[in-house]
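Asker: Just the structure for this:
(one chain, ligands or ions: 1)
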Amino acid sequence: MPSSITLNARISAIGSYVPSRILNNTDLQAMVDTNDEWIVQRTGIHERRIATEDEFTSHLCIRAVEDMLAHYPVQLEDVELIIVATHTPDLPFPSTACLIQDHFGIPATGAYDLNATCAGFAYALHTASALISAGVHRKVLVIGGDTLSKITDYSDRSTCILFGDGAGAVLLESEEEHPAFLAHYLSTDGSGGKHVYRTGLASSLHGNPLEGQGKLVQNGREVYRYAVTTVPQGIEKLLAKTAMGVKDIAWFIPHSANLRIIESICEKSGIPFEQALYSLEYYGNTSAASIPLALDMGVKEGKVKAGDTLLLYGFGGGLTQAGLIVRWG
Ligand code: ACO
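Answerer: Residues are numbered from 1 along each chain as shown. Predicted structure coming up:
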C-alpha cells in the first residue's frame, strides 16, 4: 500500500559532532575482563568518543548544528520546530530542544524531545517530514544526540564495549518540485522492552529487578536476535510501499549497533554490504546519533551524492524501529 502522505520535504543541510576524548578497546581491557580481539570480532567496534563530565547531550547537539551551519548556506531564524531525538537529555526537563532554541536564539519555534532510543532519529525525520508534507511547518531542525556514557555501567563487559557519545543535525525544508521522503515504516514490540531498558522512576519492568538507578540494562542476545530477524522483514515492508527494490538503493544507513547485525541484515535483505554506511567502528553505538553521523560521514567523504536514494533504518529499545526511503540532495 503506498503511503497516503503527500511527500514534499527535503533535507537541505547536515552536520555532526563527536567529543574529542577517545575510549579504545585497550582502555576497556584495563576496566573489565575483555580484549580487543573479542570486541572487534563480535561488534566491529575499535573506539568510542566519550563526553567529559560537564559535557552533556545539548552541548553535542549545539556543536552538530554549528558544524551544519559551517558547511551549508542555511539560517536558523525561520526554523518553526526543533525536534531532538534523545533518550539521554541533560535533564528530564526542560527538554534538550528548548536548550537548543535558547542557545541559537531561534525566535518563533516549537521545541520538544522525542524518545525512541536508537530509532529516535528516524522517528524524528518521520514526524518532521510529515508535518512539512501536511503544510503545518516549512522548516524543521531535527537533531539526534545521545551521551550513552552517562548511563553505561562500566563494570558490565557485555554493554560497556558498545556505547559512545555523539550528535548529528539536519535541516528539513519544504520542497514542492522534488519530493525526497518517499516511504516510511514504523513498528513496535513493547513486549521486548525488558530486553534493553534504562532504570528510572519505576522500580521494575516486567518483573525485572532494578539493577542500578539510571543505568542501561540489556540482554544483548535478545536485542541481537530481534534486530536480525525483524529488521529485514521491516525493510521488505518499507520497500513494498514504493515501486523500488533493493537495486534502487544507493546507500543503506542502518542504526550502528553492531557490525555483525548490519552484515546479517544486509545478507538477509539482499543489500550488498559495501553499500552500507555506518559510524560504529570509531564511534561505537551512539544511539539516536548513529544514523546522522554515518550519513554525514558519507556526505563529507563524497560517497553520498545528489540524487542518491537512501534507506535509513533505526531500531532499538522499546523495542521499536523506523525505516525511511529518502532521496538525497
Ligand atoms: N569480552 C569478552 N567476553 C565477553 C564480553 C566481552 N566484552 N561480553 C560478553 N562476553 C562473554 C559472555 O560472558 C559469554 O561467555 P560464556 O559463553 O562463557 O557465557 C560469551 O562472551 C558470549 O556472550 P554473548 O552474549 O552470547 O555474546 P554475543 O556474541 O551475543 O555478543 C553483544 C554480545 C556484543 C552484546 C551482542 O549480543 C550485541 O551486540 N547485541 C545487541 C546489543 C544492541 O544492539 N543493543 C542496542 C540497543 S541499545 C538502545 O536501544 C539504547
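Asker: Strands along the stretch 101-250 of the chain, start to end?
Answerer: Using DSSP state E, counting those that start in this stretch, the strands found in the stretch 101-250 of the chain span residues 110-114, 139-147, 165-174, 181-188, 196-198, 216-218.
Asker: pLDDT at Asn8, what is it?
Answerer: Asn8 carries a pLDDT value of 88.
Asker: List the residue ranges of this structure that fall below the pLDDT cut-off.
Answerer: Across the chain, the ranges flagged by pLDDT under 70 are 1-7, 201-213.
Asker: who in it is up against the ligand?
Answerer: Contacts of the chain with the ligand, taken as C-beta under 6 Å from any ligand atom, map to 34, 38-39, 42-43, 117-118, 157-158, 161, 196, 218, 220-221, 223-224, 257-258, 285, 287, 316-317. Heads up, the C-betas are built off the backbone N, CA and C, glycines and all.
Asker: Pull out the buried residues from those residues.
Answerer: Neighbour-count burial (16 or more other C-beta atoms under 10 Å) applied to these gives 34, 39, 42-43, 117-118, 157, 161, 196, 218, 220, 223-224, 257-258, 285, 287, 316-317.
Asker: Among those residues, which ones are in helices?
Answerer: When these are checked against helices (DSSP state H), the matches are 39, 42-43, 157, 220, 223-224.
Asker: Rebuild these as a markdown table, extending it with distance to Asp189.
Answerer: Written out in a markdown table, the entries for these read as follows (distance: C-beta to C-beta, whole Å):
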| residue | distance to Asp189 |
| --- | --- |
| Ile39 | 28 |
| Arg42 | 24 |
| Thr43 | 23 |
| Arg157 | 27 |
| Gly220 | 17 |
| Val223 | 11 |
| Tyr224 | 15 |
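Asker: Need the max-distance pair from those residues.
Answerer: Ile39 and Val223 (16.7 Å; C-beta to C-beta).
Asker: got a list of what Ser149 touches?
Answerer: Ser149 makes contact with 23, 48, 50-51, 163-165 under the criterion C-beta atoms under 8 Å, 6 or more residues apart in numbering.
Asker: Enumerate every residue touching the residue positioned nearest the centre of the chain.
Answerer: With distances taken as C-alpha atoms, centre = their mean, Ala288 lies nearest the centre of the chain, 3.0 Å away. Taking C-beta under 8 Å, 6+ apart as the contact definition, Ala288 lies against 85-87, 116-118, 120-121, 124, 144-146, 314.
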